[in-house]
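# generate a structure from the sequence data that follows.
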Amino acid sequence: MDLKNTFVFDTRGTTVPMEVISGLRKALFEHGERYTSKKDLEELKLLAQNDVHSPEFREYTKRSGPFMRQVLKDGLYVVSFYPDVRPALEAIQAKGDYSRILSKGEQELVALMYAQAGLDSLIRGVNSSTDLSVADKSDPGCYLALEQEVMKHIGEAFAAYTSDDPKETNACREAFPTAKVDVFYIDRGQGGKEKLSEGIRLIKNLKEVL
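The predicted structure is shown next:
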């Protein structure tokens, strides 16, 4: 079976600005008592303060995801994407390749965000790392799990990964040989370039992955 080259993208800070994700979280805590108890919201606030690669933060994303979906469905917040996202996804599609999202967030929430922005037709699918056998995106095993547990079964070849997080790009670089997978670190003004492993390409626009 011929495999389709698939470009995998992170979401938080890569396709969606950090401040937009923070705004969605704020909207949840402002309106959350419509959907759950005050006690539950207080627990979520504490969990959200943990490192984004920690088990505690993964618990936060799983528990908060359904409530954030309701915030979006009820029109209480609108997620905006970086302006280079649509042109990059369109260029990949025009080339005959696929785009896939690998997020730390809840799968249904992230899929809804792309759908509400009209980007769902440009991506092959959305995966949450929490649904993989290795959930930590700072662990090389997470990217191998995505390839083995999802992509190879549906005819996709892991061609490239792009993130604004050096822990993630370094992990993906460790997972795959340079000749097989391109790894891109996108500079959104966040710093951290000095932490990059060898063999990671620095870009400033998502279209540079092509």
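# can you give me the domain boundaries for this protein?
Per automatic domain parsing, the structural domains of the chain span 4-17+81-209, 18-73.
# in the chain, which spans are helices?
18-31, 38-48, 55-73, 85-94, 107-116, 140-149, 166-175 (DSSP state H).
# OK, contacts around residue 88?
205, 206, 207, 209, 210 (Cβ atoms under 8 Å, 6 or more residues apart in numbering). Where C-beta positions appear, they are placed from N, C-alpha and C, glycine not excepted.
# of the residues you listed, buried ones?
206, 209 (16 or more other Cβ atoms under 10 Å).
# and the least confident of the contacts of residue 88?
Across those, the bottom pLDDT score, 94, is held by residue 210.
# neighbours of the closest residue to that one other than its chain neighbours, how many?
Counting by Cβ to Cβ, 6 or more residues apart in numbering, residue 91 is the residue found nearest to residue 210 once chain neighbours are left out, at 5.7 Å. Residues lying near residue 91 (other Cβ atoms under 10 Å) number 17.
# residue 91 against residue 208, yeah?
No: contact criterion Cβ atoms under 8 Å: residue 91 and residue 208 do not qualify, at 10.5 Å.
# mutual contacts of those two, please.
Joint contacts of residue 91 and residue 208 (Cβ under 8 Å, 6+ apart) do not exist.
# can you pull the pLDDT of the residue nearest to residue 210?
For residue 91, pLDDT reads 98.
# need the longest strand for the chain.
strand 156-163 (DSSP state E).
# can you give the strand pairings for that strand, parallel or anti for each?
Paired with strand 156-163 in the same sheet, following DSSP bridges, are strand 4-9 (parallel), strand 182-186 (parallel).
# tell me which of the ones you listed sits most buried.
strand 182-186 (a mean of 23; mean count of other Cβ atoms under 10 Å).
# okay, residue 140 and residue 89: tell me how far apart.
According to Cβ to Cβ, to the nearest Å, residue 140 and residue 89 sit 26 Å apart.
# pretty sure residue 135 contacts residue 58?
Yes: with contacts counted by Cβ under 8 Å, residue 135 reaches residue 58, the gap being 5.8 Å.
# between these two, tell me which one has more neighbours.
A count of neighbours by other Cβ under 10 Å puts residue 58 above the other of residue 135 and residue 58, at 22 against 19.
# which residues does the residue nearest to that one when sequence neighbours are not counted contact?
Nearest residue to residue 58, sequence neighbours excluded (Cβ to Cβ, 6+ apart): residue 130, at 5.3 Å. Residues near residue 130 by Cβ under 8 Å, 6+ apart: 58, 61, 62, 104, 106.
# return the member of those nearest to residue 165.
Set against residue 165, the nearest of the contacts of residue 130 by Cβ to Cβ is residue 104 (9.5 Å).
# neighbours around the closest one, how many?
Neighbour count of residue 104, defined by other Cβ under 10 Å: 23.
# tell me the contacts of the nearest residue to it once chain neighbours are set aside?
Closest residue in space to residue 104, ignoring its immediate chain neighbours: residue 129 at 5.5 Å, by Cβ to Cβ, 6+ apart. Residues counted as contacts of residue 129 (Cβ under 8 Å, 6+ apart) are 58, 102, 103, 104, 135, 136, 137, 142, 146.
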